[in-house]
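Q: prediction below, plus the sequence it came from.
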There are 2 protein chains.
Amino acid sequence: MKTSIKQEWIHYVHELQDTICAALEKADGKATFIEDKWERTDGGGGITRVIGNGNVFEKGGVNTSVVYGDVTNEMRKELKIFGSKWFACGLSLVLHPSNPFVPTVHCNYRMFELYDDNNEVIDRWFGGGTDLTPYYLFDEDAKHFHGTYKNVCDAFDPTFFPKFKETCDNYFVNWHRSKERRGIGGIFYDYQKPFGEKNVDFWVNFGKACGNAFVEAYLPIVEKRKNTAFTSEHKHWQEIRRGRYVEFNLVHDRGTLFGLKTNGRTESILMSLPPTVRFEYNYQPQPGSEEDKLLQACLHPKDWINEPDKDESEWAQKVNMC
Amino acid sequence: MKTSIKQEWIHYVHELQDTICAALEKADGKATFIEDKWERTDGGGGITRVIGNGNVFEKGGVNTSVVYGDVTNEMRKELKIFGSKWFACGLSLVLHPSNPFVPTVHCNYRMFELYDDNNEVIDRWFGGGTDLTPYYLFDEDAKHFHGTYKNVCDAFDPTFFPKFKETCDNYFVNWHRSKERRGIGGIFYDYQKPFGEKNVDFWVNFGKACGNAFVEAYLPIVEKRKNTAFTSEHKHWQEIRRGRYVEFNLVHDRGTLFGLKTNGRTESILMSLPPTVRFEYNYQPQPGSEEDKLLQACLHPKDWINEPDKDESEWAQKVNMC
């Protein structure tokens, strides 16, 4: 059974990589993915696919990896795991659009297994999530994005969405900036171990359903915003916010740090960093501005779905009509 | 005695801040420092001085802080210290010039004291260093910079320079990039505790001598390179290298991480980050190019002073004549 679940997940992850890359290339209309296959000295490897300088995507990557090896002391210490050998397989993507009205998006879906000296599975868990990082906030986009994942979650367990949304809001946090979030969240779950009715198949199917929802969650937002006219001031704000993205990924993100500190493939890990970034001393948006509205949403996560409908601001309506 | 040493160091650090800021403003010829005084909730505060959009300096800061408080569990764990109360005072500067031929520079000089419940000093140490991060390598600049600190060190102890140069080469390392250094080093020393003839006065005087050498070590290089003509390709390479600066500071730098994780003043800590930065997937300079020459110097630190003289490359001579 264990081999077939692994094989099923490995197969799915590569299929999803193909599907997502095809959909993104279509949305971009110009750039295509460049593929780097790499091997890991200590076992396994990956397929890194990067896109850049497109009509829509300034930089992005959709990566898969199937990696395994001996449990090292570093892993025992950092991951607090035991056992003799490990296996991990997942898909990870980050897209940085050039237009500041199109949000950055990240998703990651993975499974992890631990084995004893006889190669028997002794532990196994699933994790993943998708989160949105807009530079300008459109309530309708936030509702669509969160709503898509709520629908996926509700089909599996009605407690999932509120729980995984909260986990997401509490994970992508720049703790050193008054708990400012990287963006407006989405869902995030980790260390989900098969138990009772939520067996291995359940978690594989949940991961697949979330992975499959990516195109539906993100691309309609891209289509709606990709032709919005923008100024150098909008771009400037995007680059300031991208700085916060860098801060989160390099200071706080467990996956990034674990990869960098355990001899992971640096270029595949750091494909997540935005293409152009600004760091300015004590930059503060004008209170009440659209930039400040986004910042406030990052400081105070909210329930996008059950919030009573509000009119879009005049400004947002104007931008929508560009 | 302890009060007077503290007071002497506090006085010196602020005097040095004034001296350095005045010299930098003169070299820039346009921009002036803006000062932010801040207070720390748990004790002490600082004076942050930032400069930007100058003729020479695109972004920079020359900061002092005098901070103290109770030893927290976080500090016991992260710093592996004991005692009841602590005190720290230092100067820290980072300068990011706009011209890619002018190197970025960083320096930091500080003292730290620990006290027991009766406010008696139970431990005390000194640390500091200055390191250079060029984007294009001029051997003569490297020699001048290293030579300046060698002279300072030799007047105190002939073993210092080789030792503190090596510490520097082994500290500013992007371990996740095949041990690529942030730049071409300088000197770095830490946890130097007064002992025997190397008493408190010795270390205060050594810190002062190093601090005083900054203007002499750096500004002649600024003057020599600040009017060098550059292209967008040179700027592009500078922004790629600035990315490595960000990676080091946010992933590896103990001071930055400790500050961010213990409720330090984020804006003062992150003034070290460069103003505009690029992250490109798997960017590699052309082998044999001037960009590659710099990269090789970062990968393979060398003895700049005892190395037999070499002719500058034709390219470097050409640039010198611009």
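A: That came through, no problem. Residues are numbered from 1 along each chain as shown, chains lettered A, B, ... in the order given.

Q: switch to C-alpha atoms for all contacts and neighbour counts from now on
A: Fine.

Q: where do the helices sit along the stretch 151-300 of chain A?
A: Taking DSSP state H, counting those that start in this stretch as the criterion, the stretch 151-300 of chain A carries its helices at A:160-171, A:200-225, A:232-247, A:254-261, A:266-269, A:290-299.

Q: weakest of those helices by average pLDDT?
A: The stretch with the lowest average pLDDT out of the helices of the stretch 151-300 of chain A is helix A:254-261, scoring a mean of 89.

Q: what does that one contact?
A: With contact meaning C-alpha atoms under 8 Å, 6 or more residues apart in numbering or on different chains, helix A:254-261 is reached by A:78, A:249, A:250, A:251, A:265, A:266, A:269, A:270, B:175, B:176, B:251.

Q: quick one: the residues you listed as TSV, columns for distance to residue A:60 and neighbour count too.
A: Output for these, formatted as TSV (distance: C-alpha to C-alpha, whole Å; neighbours: other C-alpha atoms under 10 Å in any protein chain shown):
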residue	distance to residue A:60	neighbour count
A:78	28	13
A:249	15	23
A:250	17	23
A:251	20	23
A:265	16	17
A:266	15	17
A:269	12	19
A:270	10	21
B:175	24	17
B:176	21	21
B:251	21	23
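
Q: how about stretch A:234-252: buried residues?
A: Along stretch A:234-252, these residues count as buried under the neighbour rule (16 or more other C-alpha atoms under 10 Å in any protein chain shown): A:234-235, A:237-252.

Q: please, which helix or strand holds residue A:95?
A: Applying DSSP states H and E as the criterion places residue A:95 in strand A:85-97.

Q: so how far is that strand off the chain centroid?
A: 9 Å (C-alpha atoms, centre = their mean, to the nearest Å).

Q: cool, and stretch A:190-207?
A: Taking mean C-alpha positions (C-alpha atoms, centre = their mean), stretch A:190-207 and its chain are 20 Å apart.

Q: and which of the contacts of helix A:254-261 is nearest to residue B:10?
A: Using C-alpha to C-alpha, the shortest approach to residue B:10 within the contacts of helix A:254-261 belongs to residue B:251, at 30.0 Å.

Q: does residue A:23 touch residue A:212 like I think?
A: No - contact status for residue A:23 versus residue A:212: not in contact, 11.8 Å apart, counting by C-alpha atoms under 8 Å.

Q: more neighbours: which of the two?
A: Set side by side, residue A:23 and residue A:212 show more neighbours around residue A:212, with 16 against 12, by other C-alpha atoms under 10 Å in any protein chain shown.

Q: measure the more buried one to residue A:134 for me?
A: Distance check for residue A:212 against residue A:134: by C-alpha to C-alpha, to the nearest Å, it reads 21 Å.

Q: residue numbers of the stretch 101-250 of chain A in contact with chain B?
A: Neighbours of chain B within the stretch 101-250 of chain A, by C-alpha under 8 Å from any C-alpha of the partner chain: A:175, A:176, A:177, A:247, A:250.

Q: list the buried residues for stretch A:59-72?
A: Neighbour-count burial for stretch A:59-72 flags A:59-69, A:71-72 (criterion: 16+ other C-alpha under 10 Å).

Q: and of those residues, the nearest to chain B?
A: Within the buried residues of stretch A:59-72, the smallest distance to chain B is 8.1 Å, found for residue A:59 (C-alpha to the nearest C-alpha).

Q: compute the inter-axis angle for whichever strand or helix holds the closest one and strand A:85-97.
A: Assigned by DSSP H and E, residue A:59 belongs to strand A:57-70. Between the axes of strand A:57-70 and strand A:85-97, defined by axes from the mean of the first three to the mean of the last three C-alpha atoms, to 10 degrees, the angle is 180 degrees.

Q: following strand A:57-70, which helix or strand comes up?
A: As assigned by DSSP H and E, the chain's next helix or strand after strand A:57-70 is helix A:73-79.

Q: give the residue farthest from the middle of chain A.
A: Distance from the C-alpha centroid of chain A peaks at residue A:118, with 34.9 Å (C-alpha atoms, centre = their mean).

Q: who are the contact partners of residue A:39?
A: Neighbour list for residue A:39: A:45, A:46 [criterion: C-alpha under 8 Å, 6+ apart].

Q: state the distance from it to residue B:216.
A: When residue A:39 is compared with residue B:216 (using C-alpha to C-alpha), they lie 49 Å apart.

Q: now swap in residue A:291 and tell me
A: The span separating residue A:291 from residue B:216 equals 43 Å under the rule C-alpha to C-alpha.

Q: neighbour count for the two, which is higher?
A: The neighbour count for residue A:291 versus residue B:216, taken as other C-alpha under 10 Å, is higher for residue A:291 (19 against 13).

Q: list the contacts for the more buried one?
A: Contacts of residue A:291 by C-alpha under 8 Å, 6+ apart are A:135, A:136, A:237, A:285.
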